[in-house]
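*Asks:* following is a predicted model, sequence given first.
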Amino acid sequence: LLDVMLEKKVIPVSPSIFYAYLEVINIGLRNIAILDNLDELRRRVELFKQKKGTYAAAHNKVGENLEKALNEWKTEDDRFKELETNADKVISALDTVSVEESVGAEEALDS
């Protein structure tokens, strides 16, 4: 029997050795699956890096635009306050002129 097995290239083993051999094969297959998952994980990390870079660029651009808008608003707010002050002065001057004219008109009517 041993001669026939060796001729057919069959190695006799006990069930416990065969089970251990199958377990080694199973561990190897799981390691291959882990490597496949690791490749997928690397691909997803690279994709995440790209999207993060794109988002960071857009985020920074929005921040710059908001900063520019705020600076423009501050400049225009200062100009508006100056305009408001000048308008108040003009209105006060017109009120003074109106009061003086009406007093002068009343004096002319009285005479």
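*Replies:* It's in.
*Asks:* burial of residue 61, as a residue count?
*Replies:* Close neighbours of residue 61, defined as other Cβ atoms under 10 Å, add up to 10. Any C-beta I mention is one placed from the backbone N, CA and C, and that applies to glycine too.
*Asks:* can you tell me which residues contact residue 11?
*Replies:* residue 5 (Cβ atoms under 8 Å, 6 or more residues apart in numbering).
*Asks:* can you tell me the SS state at it?
*Replies:* Secondary structure for residue 11, judged by DSSP: H, G, I helix; E, B strand; the rest coil, is coil.
*Asks:* next one: phi and psi at it?
*Replies:* Note on residue 11: its backbone torsions stand at phi -100, psi 120 [degrees, to the nearest 10].
*Asks:* likewise the one 10 residues further on?
*Replies:* Recorded main-chain torsions at residue 21 are phi -60, psi -50, according to degrees, to the nearest 10.
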